[in-house]
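**Q** any chance you can model this:
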Amino acid sequence: MGDQTMSARIRTRQVGDGTKRYIVLYRRGGRYFPTESLGTFRRLRDAQQRRDLVSGWLAQGINPKAALAELQKPPATIRTFGEWGELSRASRVDLDERTMKNVNSHLLRLNETFAGTDPFDHTPDDWQQWVAANTDLKPSSLKRYLATGKLVLDYAGVDPNPARDPRVKLPPIRRTEPTPPDANQFLAILEHAPRARRLALVMIEQTAMTVGELEQLEWQDVDIAESRFRLRRSTVKAQIRSRARWVQVPNWLMDELVAACPPDDRTPIRRVFPGFTPDVAKAVIARACKAAGIPHFHPHDLRHRRISLWHGQGVPARELAARAGHAKASMSLDTYSHVMPLDEAPEVRLAECLVGTP
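**A** I've put the predicted structure just below:
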C-alpha cells in the first residue's frame with residue numbers, strides 16, 4: 001500500500017517559444033502530502049533519469065530533496081601531507097626558533113616521500129618503508145624525524161595514526177657515554193679558540209651552565225657583588241629537570257667578566273655574551289679541536305666535565321643537582337657524572353688564555 005501512495009512522474013509544459021520543459025514531480029505519501037518538484041529539464045531523457053532516481057529513493061524511504069542536495073555538495077577538499085605539514089608547523093607557537101628550525105628540516109625530509117599524498121591513505125607499512133629508506137640518519141635523529149611525522153598526522157586528525165602503530169620499528173639507539181675533555185684538552189681548546197669566545201667557554205666549564213642559558217643571560221641578571229648569575233624561568237630551557245636558580249661564579253672569573261665590559265655598556269637588557277649561540281659555540285669548539293689535534297668535543301661536554309668534577313670532589317648529590325638545575329639528583333648522578341681525571345685547569349692558566357693571543 002505504501003508503494004502506491006509514493007510516486008514520481010513527469011509533467012510536460014510548453015513555454016512561450018514553443019519548446020517543451022519536463023518537470024519531475026513526486027509525492028512522499030498519500031494525497032495529504034504535497035506534490036514537490038525535483039528539477040526541470042529541456043530533454044525528456046534527462047527528466048526520465050531524474051524520475052527513476054527519485055523513485056528509487058522513495059522506495060527506500062529516503063527524502064529525495066535531501067538526497068539530491070547531498071549529491072550536489074562540492075567534493076571535500078583533500079589536503080596533502082605537505083599542506084598538513086605547513087598547517088601543523090604554523091600552529092606551533094610553543095616552539096622556539098631553534099626547535100622550529102629542526103622541524104623545518106624534518107618536514108623537508110618527510111615531504112620527499114609524503115608531500116603529495118593523502119595522510120588518510122597512509123598505512124603503517126608506508127611509514128616502515130620510510131624508516132627503512134632513511135637509515136642514513138642517526139637512529140636518534142630518525143626518531144625525531146618520525147616524531148614530527150606523527151604530530152603532522154595527529155594535527156590532520158588521522159586516527160588511528162599509522163606512524164604511531166607499534167609495527168613501525170626504529171633502529172636501536174646505542175648511546176655511548178660522553179668523555180669530557182681533561183684539563184689539558186680544555187686548555188688546548190681555549191688556546192685555539194678566538195679570544196672573543198674564550199670567556200664564554202670558560203664560563204660554561206666553571207659553572208656548568210648550558211649554552212642556551214648563557215646565550216639568554218642579560219646584565220640585569222648579573223649580581224656582581226655576590227658573584228652570581230640569576231637564571232630566570234623565562235631563560236631556562238623548558239624541561240622538567242630545569243629550574244630557575246642562582247649560579248655561583250668564581251670570584252676571579254666574575255672579575256674577568258666585569259673587566260671585559262665597560263660600565264656604560266652594562267645596560268640591563270644587554271646580553272652578557274652577545275652572539276654566543278649554540279651553533280656558534282659548536283663551530284668554535286669544532287675548529288679549535290681540529291686545530292689542536294685533539295678529539296672532537298661538543299659544548300655540552302664542558303657541562304659534563306664540570307658536574308663530573310664537582311661529583312668527584314665530594315659535592316653532595318642534592319647540592320650537585322641544585323647547581324646543575326636538575327629537579328632530581330639522579331639526573332646529575334646518572335647522566336652527568338663520568339669516570340675521568342679530577343684535574344682542575346689552574347686559574348692562572350685559564351686567566352692567561354683569556355688575555356692571550358687571538
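**Q** from now on I want contacts and neighbour counts done on CA atoms only, so please keep to that.
**A** Noted.
**Q** leaving out chain neighbours, which residue sits closest to the spatially most central residue of the chain?
**A** In the chain, the residue lying closest to the centroid (Cα atoms, centre = their mean) is V103, at 4.8 Å. Excluding its sequence neighbours, the residue lying closest to V103 (Cα to Cα, 6 or more residues apart in numbering) is T148, at 6.9 Å.
**Q** name the helix or strand for that neighbour, please.
**A** Per DSSP states H and E: T148 is located in helix 139-156.
**Q** contacts for stretch 15-33?
**A** Residues from elsewhere that reach stretch 15-33, judged by Cα atoms under 8 Å, 6 or more residues apart in numbering: 2, 5-14, 34-44, 47, 50-51, 54, 58, 63.
**Q** chain neighbours aside, what residue packs nearest to V168?
**A** Nearest to V168 is Q128, by Cα to Cα, 6+ apart, at 5.1 Å.
**Q** tell me how many other residues crowd the one you found.
**A** 17 (other Cα atoms under 10 Å).
**Q** doesn't it lie inside a helix?
**A** Yes - per DSSP: H, G, I helix; E, B strand; the rest coil, Q128 lies within a helix segment.
**Q** the helix or strand hosting the residue nearest to the centre of the chain: how far from the chain's middle?
**A** Per DSSP H and E: V103 is located in helix 97-114. Mean-position distance between helix 97-114 and its chain equals 9 Å (Cα atoms, centre = their mean, to the nearest Å).
**Q** buried set for that helix?
**A** M100, V103, H106, L107, L110, N111, F114 (16 or more other Cα atoms under 10 Å).
**Q** any idea of the mean pLDDT for stretch 16-34?
**A** For stretch 16-34, mean pLDDT is 88.
**Q** end to end, how far does it reach?
**A** With Cα to Cα, to the nearest Å as the measure, stretch 16-34 spans 27 Å from end to end.
**Q** quick one: the strands in this protein?
**A** Taking DSSP state E as the criterion, the chain carries its strands at 7-14, 20-27, 36-41, 222-223, 228-231, 245-248.
**Q** from the contacts of stretch 15-33, list just the buried residues.
**A** The buried subset of the contacts of stretch 15-33 - by 16+ other Cα under 10 Å - is 6-10, 37-38, 40-41, 44, 47, 50-51, 54, 58.
**Q** look at T5 and report its pLDDT.
**A** 65.
**Q** can you check Q216 too?
**A** At Q216, pLDDT is 91.
**Q** what about it, distance to A188?
**A** Taken as Cα to Cα, the span from Q216 to A188 is 27 Å.
**Q** likewise R271?
**A** 27 Å.
**Q** and D265, by the same measure?
**A** Taken as Cα to Cα, the span from D265 to A188 is 31 Å.
**Q** quick one: average pLDDT of stretch 53-70?
**A** Average pLDDT, stretch 53-70: 91.
**Q** buried residues in that stretch?
**A** By neighbour count with 16+ other Cα under 10 Å, stretch 53-70 contains the buried residues V54, S55, W57, L58, P64.
**Q** please identify which of these is nearest to L95.
**A** P64 (50.9 Å; Cα to Cα).
**Q** thought that closest one was touching R51?
**A** No - taking contacts as Cα atoms under 8 Å, P64 lies outside contact range of R51: 10.3 Å.
**Q** tell me which two in the buried residues of stretch 53-70 are the farthest apart.
**A** Going by Cα to Cα, the pair spanning those furthest: S55 and P64, at 8.7 Å.
**Q** tell me how the chain divides into domains.
**A** 2-71, 81-164, 183-355 (automatic domain parsing).
**Q** by contact count, what packs against the helix holding T148?
**A** helix 81-91, helix 97-114 (3 or more Cα pairs under 8 Å, 6 or more residues apart in numbering; DSSP states H and E).
**Q** so where's the protein shaky on pLDDT?
**A** Residue ranges of the chain with pLDDT under 70: 1-5, 234-243, 329, 331-340, 342, 356-358.
**Q** kindly recompute the last result at 50.
**A** Where the chain drops to pLDDT under 50, the residues are 1-3, 237-241.
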